[in-house]
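okay, structure incoming, though there's no sequence with it:
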């Protein structure tokens, strides 16, 4: 469904070139939940930004359903939630979703907005100003806007960052239920417990290179450990030492 | 077009709900009250005082609108990471044009509210009917939408908000010294080489010339503006603004965000 081929990003710094991403080859299949993991600075957000067309790649290609994606073009085929997202505080919850649905579709369908509100459990708060929402509710609203235009592929960058354990658990349950409806989810995280619970397959990115891609059980078997945390630490240590 | 209108309307709605909007309205009201108070100290020139002070108020408020509503809101949107969500749905030029239009609506509102208020104050306290004040509002709209366009170019170049604001203030000051500068430079050029003269002349076409919109003296002294000049200045604004928005859109398309 989504493929990257030899995706590379090099920044030119004062002390020479910095390779943020070096030849990433990735394939995300329809209907799966794919988690891209890595320590801070591994290149996860750079990967997402390039997939979304916000950043030009130094080399390589990105294709969705076989079609090559161009840089700086909108990607309405993806629902997107960026990291540390804060919705527009001057609008009400309903106005905010109306606005995004208006951008995503030519005509606003009130039923779709209603469904999006219900999906994230915010139908009771429709008239509330976004500035009055808690962080968790703001994140849920962020997820709701990702459904505007009804995309079947969601790209979520750290969807649970900054949430308390209850909020995190609610978002994970929500993602699982969305996936059951047939949506494909590609997400970045460094919270390993949620990745273990959510993902069909994972990719481990360290220092801009993809070190592993496959199922969680295969990764555990590779390092002969019984939890993702230990395996991840070993993987990172092996690359950086 | 649909995207541009949607973005502009949301930017407008957002600005109306912002405390800064109401703060600026209060500031403008106080400024006008002050102008009436100062005019009462003058001898038979109350209307002139009110009009002169009032027009200064329009400039101050519109400059603040350009920086706070035009620029700060853009940077705030980027900080909140909302920009990414929007650019996932709409082309970058549509975003730039929509945001520009949204700020322009606010500039239009402020300049015409201020123009109408000064008109009534000059009428009540200075016994002068000055319909030419609506021209002052018109010139303010042209001047500050152009300044906002320049800010959009700086934004698309990826400069920070602080630097953008400082550069806008500098451009505003330089733009208002342009006529004088051109005249003295051309004088120097004539003394020097022909290349120097050509260089200075071509620079004067590239840099924004806000003196073109400054008809304050004509309005204060109730002098009529030649229609040809009105047309010429409007055409200058149109061409310059179109160029600014095109440059801004092109830069934005090339930039990593």
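It's in. Fair warning: this is a prediction, and the values are worked out from it, not measured in the lab.

pLDDT score for the spatially most central residue of chain B?
What sits nearest the mean C-alpha location of chain B, by CA atoms, centre = their mean, is residue B:144, with 0.7 Å. Residue B:144 is assigned a predicted lDDT (pLDDT) of 93.

how far away is it from chain A?
For residue B:144, the distance to chain A (CB to the nearest CB, to the nearest Å) stands at 22 Å. C-beta: built from backbone N, CA, C; applies to glycine.

and that residue, what does it touch?
Taking CB atoms under 8 Å, 6 or more residues apart in numbering or on different chains, we find residue B:144 in contact with B:62, B:63, B:65, B:66, B:107, B:111.

neighbours around the first one, how many?
Going back to what we said before, that points to residue B:62. 25 (other CB atoms under 10 Å in any protein chain shown).

these two touch, right, it and residue B:110?
Yes. When contacts are counted by CB atoms under 8 Å, residue B:62 is listed as touching residue B:110 (5.9 Å).

for residue B:145, what are its contacts?
Shown in contact with residue B:145 (CB under 8 Å, 6+ apart): B:100, B:103, B:104, B:107, B:237, B:241.

can you tell me the helix or strand for it?
Element membership for residue B:145, per DSSP states H and E: helix B:133-156.

can you give me the helices in chain A?
With DSSP state H as the definition, chain A shows helices at residue ranges A:44-51, A:93-104, A:110-119, A:135-146, A:165-180, A:192-198, A:216-223, A:228-240.

same list (the ones you listed) but as CSV, adding distance to chain B.
Shown next, in CSV, are the helices of chain A (distance: least, CB to the nearest CB, whole Å):
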stretch, distance to chain B
helix A:44-51, 8
helix A:93-104, 4
helix A:110-119, 14
helix A:135-146, 6
helix A:165-180, 17
helix A:192-198, 20
helix A:216-223, 29
helix A:228-240, 26
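
any chance of the ones you listed in CSV with mean neighbour count and mean pLDDT as columns?
Putting the helices of chain A into CSV (neighbours: other CB atoms under 10 Å in any protein chain shown; pLDDT from 0 to 100) gives the following:
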stretch, mean neighbour count, mean pLDDT
helix A:44-51, 24, 91
helix A:93-104, 22, 89
helix A:110-119, 16, 84
helix A:135-146, 23, 86
helix A:165-180, 16, 85
helix A:192-198, 18, 83
helix A:216-223, 15, 86
helix A:228-240, 16, 83
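
now those as TSV including distance to residue B:200?
Below are the helices of chain A laid out as TSV (distance: least, CB to CB, whole Å):
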stretch	distance to residue B:200
helix A:44-51	44
helix A:93-104	46
helix A:110-119	58
helix A:135-146	52
helix A:165-180	61
helix A:192-198	64
helix A:216-223	68
helix A:228-240	58
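
distance of the residue most central in space within chain A from chain B?
Using CA atoms, centre = their mean, the residue of chain A that lies closest to the mean C-alpha position is residue A:156, 1.9 Å off. For residue A:156, the distance to chain B equals 12 Å [CB to the nearest CB].

give the contact list for the residue lying closest to that residue once chain neighbours are set aside.
Nearest non-adjacent residue to residue A:156, counting by CB to CB, 6 or more residues apart in numbering or on different chains: residue A:187, 4.1 Å away. By CB under 8 Å, 6+ apart, residue A:187 lies in contact with A:33, A:34, A:35, A:36, A:154, A:155, A:156, A:157, A:158, A:159, A:175, A:198.

between those, which is nearest residue B:170?
Lowest distance from residue B:170 to these (CB to CB) belongs to residue A:157, with 37.1 Å.

the closest one - how many residues pack around it?
When neighbours are counted by other CB under 10 Å, residue A:157 comes out with 24.

confidence score at it?
Per-residue confidence (pLDDT) for residue A:157: 89.

could you do residue B:188 as well?
60.

contacts only, for residue A:125.
By CB under 8 Å, 6+ apart, residue A:125 lies in contact with A:93, A:133, A:137.

distance-wise, check it relative to residue A:136.
12 Å (CB to CB, to the nearest Å).

for residue A:223, same thing?
For residue A:223 relative to residue A:136 (CB to CB), the value is 34 Å.

and what of residue A:7?
33 Å.

same question for residue B:204.
Residue B:204 sits at a distance of 57 Å from residue A:136 (criterion: CB to CB).

domain parsing for chain A?
For chain A, automatic domain parsing gives the domain ranges A:1-76+A:151-168+A:181-241, A:78-150.

among the ones you listed, which is nearest residue B:58?
That would be domain A:78-150 among these, by CB to CB, at 25.3 Å.

around chain A, which positions in chain B sit nearby?
Contacts of chain B with chain A, taken as CB under 8 Å from any CB of the partner chain, map to B:2-3, B:6-7, B:10, B:13-14, B:17-18, B:77, B:80-82, B:84-92, B:253-254, B:256-257.

now for the residue lying closest to residue B:20 once chain neighbours are set aside, how many residues are close by?
Among residues not flanking residue B:20 along the chain, residue B:68 sits closest, at 5.5 Å (CB to CB, 6+ apart). Neighbour count of residue B:68, defined by other CB under 10 Å: 19.
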